[in-house]
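Peer 1: sequence and predicted structure below; questions after.
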Amino acid sequence: MQKCTLIISLCLCVNIISAQNKSTHGNKFEQLDYLVQSPNEYRTASGAPGPKYWQQRADYDITAALDEKNKRITGSETITYYNNSPNPLTYIWLQLDENEHDPKSDNNHFNESSIQPTMTEADLYRLEPWRQLETLGDKITQLTDATGRPLKYIINQTMMRIELPQTLKPGQSFIFKVDWNYTIPNRFVTGGRGGYEYFPEDGNCLFTITQWYPRLCVYSDFQGWQNHQFTGTGEFALTFGNFKVKMTVPADHIVAATGECKNYNQILSSNQLARWKQAQNVKEPLAITTLEEATTAEKQQNTTTKTWVFEANNVRDFAWGSSRKFIWDAMPTYIEGKKIMCMSFYPKESYSLYKKYSTKVIAHTIQTYSAHTIPYPYPVAQSVEAANGMEYPMICFNFGRTEKDGTYSAATKYGMIGVVIHEVGHNFFPMIVNSDERQWTWMDEGLNSFCEYLTEQAFDNNYPSPRGPAYKIIDYMKLAKEQLEPIMTNSENILRFGSNAYAKPATALNILRETIMGRALFDYAFKEYARRWAFKHPTPADFFRTMEDASGVDLDWFWRGWFFSTDAVDISLDDVKYYRLGTKNNGDLFIKKVEKDISQLRNKESNMIFKVEIDTALQDIYYHNPTADQQYNLSRPNPLIDNEATTQWTNKYFYELSFSNRGGLVMPIIIEWTFKDGTTEIQRIPAQIWRKNEQAITKAFIKDKEVQSIRLDPMRETADINESNNMWPLRQIPTRFELFKSKNTTHGGSTGGNAMQK
């Protein structure tokens, strides 16, 4: 029987090479234990709430009046605060968020500014914002306990500390009353989340009343009081409770608010009330307040008042909008058999866009989010067009104005749909899964942007989502290190807020779902996180641990790289070596290396005459037999493979690929093989291939067909910042640019080319 020898010398010396190499093992695959808080009886190592988990509660009974003429809110509230913690409390902290507009607050003084060659008056005000903020900020007129006795307090900018008359012991509650007022700011002059917008064409205002009442700070097991100042960027850490709110407004105003209205039968006209009842069972959005009624109200401007009454249970906040300009439509959707009323409120300036899309997008959003998290628990979900984007329980404020002729561009359409999805989606993160937005912005904005992406793609397979696909974060990830911060950065310190807190975590979660974990494992774990922490206060460690605990996938390397570092993905395909089984003089087979060099191939194809062909004296044994040394080595004793085994290797193609990690972020290696017969194959190598050498690795492959070309990350799913080193043979990646003409738009106005007008 003829003996055939198969030699793969690399296999024989693996141990020797490993022992001789210097260690290139860093900490990218070490566990996160020292970077996050330790598990305890409140928060377990699995990521679930512990057996002694607790959280505080605050109930509010609020009466407020809107003075449209003088642009003022006057309010009075009774707060019942429940100490469910194991700790006695001698004081409590409240948030006075409207004090962000107080001219003395630090946030109006600490931002950088510079003088440009040309500046508008608005630009000048931005140099020293406090110049236009006189009279703004909260005015506390009375603070007493339940019996009317005054309480001691001190205001520290946007925070107010109340000294308790006696220690509030675990299990006890404390009732107190606060009276206050403030001047409502013009949002488009002073900035801010809430305020009013004035419409000069019809002389009316649209009010968004947010961060408007003194409210409790969160007191928690992991940080005590969250009493960091509100500077306008970092959003809110809030306590769950029940709300009863009465708002007195001009009689022709329509009010949209957190919760359910309890007196529609007293404040709506008979026609509006009949439409409201009809809307409970419609299949298409039905106008409760029509365009004609809103337009008439704009002209007449009734000066009498009405009081709207709303109630909301187990929510962390309360917000409302009020205007006679509001058109109002509604329709129900159902989540696991429960009816949710989806409603939209919008001025005539956005009529044709919001009438067509807003309420249906609300329904689509809560359906999709419910499928990926928990069933939507509240009775209503509302979208208000107010030329901005901000979220609150059961209500959000969005943008999307049309041209005067009612047309709109594709950019405006998709921007409007996207912001409605995003802001309605915030009902889940953080209104239900109640993370601390001021400390960890990504826990609400990033998780929500990820779910927004899922919802957009479920809306339209061609939806142009701006965040989510990995390749769309590349421009940010390739910035210089001094322009980047880790995702785990406090919201006040982030340089590029949208990229860092929205896009990068959304991209990371999409990569986890599609590339690292797979949809089945990811979706189960993500739903488990939402289920565990619904109506509770999770931390990043709770999210990280739950995702691993529920999936059985070790992801510490991923959290470390994507959330705690500024590394980028840049995996380079540095070298490709091609081998075939060769035949020795005695007929035995061995693996011979076939070099594939693009320059050599092209030189040969061009019929180049080489020096060694001109001067034959330069030729020697290696010219005629380049693998002579390898064949010589094969004369030594080696393992033998009989003919039966040889048949499985003789027609194989052997490739050895060398990779380097130039960006620092370890990721799976995704290889697209294109064979000479035109077929392709995708092969995925787990990220753990880098665990012993985080800088460079080599991997061998056996193929049935000869390879024409190789490309890494062919579907651009890892956010690799340099695709030029992802290919063999090398190919040039074209760079594209676009020309555009700038266009001045009104607040929330249409942007982009408007084919609808043409």
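Peer 2: Everything's here; your move.
Peer 1: show me where pLDDT drops low in the stretch 551-700 of the chain?
Peer 2: 582-606, 608, 610-612, 618, 620-623, 626-647 (pLDDT under 70).
Peer 1: those strands in it, which residues are they?
Peer 2: For the stretch 551-700 of the chain, strands defined by DSSP state E, counting those that start in this stretch occupy the ranges 571-583, 589-595, 640-641, 653-661, 669-675, 680-685, 696-703.
Peer 1: which helix runs longest in this structure?
Peer 2: The residue-count maximum for a helix in the chain (DSSP state H) belongs to helix 351-372.
Peer 1: if you count contacts, what does that one end up packed against?
Peer 2: Packing partners of helix 351-372 (3 or more Cβ pairs under 8 Å, 6 or more residues apart in numbering; DSSP states H and E): strand 327-335, strand 338-346, strand 380-385, helix 410-425, helix 442-459, helix 519-533. C-beta coordinates here come from the backbone N, C-alpha and C atoms, glycine included.
Peer 1: okay, buried residues for it please.
Peer 2: 351-355, 357-370, 372 (16 or more other Cβ atoms under 10 Å).
Peer 1: on that earlier part again, is it possible to get a markdown table of the strands of the stretch 551-700 of the chain that adds distance to residue 557 and mean neighbour count?
Peer 2: As requested, those are exported to a markdown table (distance: least, Cβ to Cβ, whole Å; neighbours: other Cβ atoms under 10 Å):
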| stretch | distance to residue 557 | mean neighbour count |
| --- | --- | --- |
| strand 571-583 | 15 | 17 |
| strand 589-595 | 34 | 17 |
| strand 640-641 | 39 | 14 |
| strand 653-661 | 12 | 19 |
| strand 669-675 | 14 | 19 |
| strand 680-685 | 14 | 13 |
| strand 696-703 | 15 | 14 |
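Peer 1: how about those, which one is nearest residue 201?
Peer 2: strand 669-675 (55.0 Å; Cβ to Cβ).
Peer 1: strands paired with that closest one, and their directions?
Peer 2: Sheet pairing for strand 669-675, assigned by DSSP bridges, gives strand 680-685 (antiparallel), strand 707-712 (antiparallel).
Peer 1: quick one: residues in contact with the first one.
Peer 2: Spelled out, it's strand 680-685. Residues outside strand 680-685 that contact it (Cβ atoms under 8 Å, 6 or more residues apart in numbering) are 515, 668-675, 699, 701, 714.
Peer 1: go again using 10 Å as the cut-off
Peer 2: 515-516, 657, 659, 667-675, 697, 699, 701, 703-705, 707-709, 711, 714-715 (Cβ atoms under 10 Å, 6 or more residues apart in numbering).
Peer 1: make CSV from the strands of the stretch 551-700 of the chain and add distance to residue 53 to it.
Peer 2: Putting the strands of the stretch 551-700 of the chain into CSV (distance: least, Cβ to Cβ, whole Å) gives the following:
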stretch, distance to residue 53
strand 571-583, 41
strand 589-595, 61
strand 640-641, 62
strand 653-661, 40
strand 669-675, 40
strand 680-685, 39
strand 696-703, 43
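Peer 1: which parts of stretch 52-60 are buried?
Peer 2: Buried residues in stretch 52-60, counted by 16+ other Cβ under 10 Å: 53-60.
Peer 1: and which of these is nearest residue 322?
Peer 2: Minimum distance to residue 322 across the buried residues of stretch 52-60 is 18.6 Å, recorded for residue 60 (Cβ to Cβ).
Peer 1: would you mind measuring from the closest residue to the closest one other than its chain neighbours to residue 54?
Peer 2: Using Cβ to Cβ, 6 or more residues apart in numbering and skipping the chain neighbours, the partner closest in space to residue 60 is residue 243 (5.0 Å). Noted for residue 243: a distance of 22 Å to residue 54, by Cβ to Cβ, to the nearest Å.
Peer 1: ok so, going back, direction included, what does the stretch of helix or strand the residue nearest to residue 60 belongs to pair against?
Peer 2: Assigned by DSSP states H and E, residue 243 falls within strand 241-250. Note on strand 241-250: by DSSP bridges, its sheet partners are strand 57-67 (parallel), strand 305-315 (antiparallel).
Peer 1: next secondary structure after it?
Peer 2: Counting by DSSP H and E, the next helix or strand C-terminal to strand 241-250 is strand 254-257.
Peer 1: how far off centre is that next one?
Peer 2: Distance of strand 254-257 from its chain centroid, counting by Cα atoms, centre = their mean, to the nearest Å, is 29 Å.
Peer 1: count the neighbours of residue 153 for me.
Peer 2: 16 (other Cβ atoms under 10 Å).
Peer 1: rewinding a little: got the angle between the longest helix of the chain and strand 380-385?
Peer 2: Per axes from the mean of the first three to the mean of the last three Cα atoms, to 10 degrees, the angle that helix 351-372 makes with strand 380-385 is 140 degrees.
Peer 1: next, the angle from helix 351-372 to strand 327-335.
Peer 2: Using the same axes, to 10 degrees: helix 351-372 against strand 327-335 is 20 degrees.
Peer 1: may I have the distance across stretch 497-504, first residue to last?
Peer 2: The stretch stretch 497-504 measures 10 Å between its terminal residues, going by Cα to Cα, to the nearest Å.
Peer 1: quick one, domains of this structure?
Peer 2: Residue ranges for the domains of the chain, per automatic domain parsing: 4-26+571-718, 56-186+214-239.
Peer 1: and the pLDDT at residue 222?
Peer 2: On pLDDT, residue 222 comes in at 94.
Peer 1: so it is in which element?
Peer 2: Going by DSSP H and E, residue 222 is not in any helix or strand.
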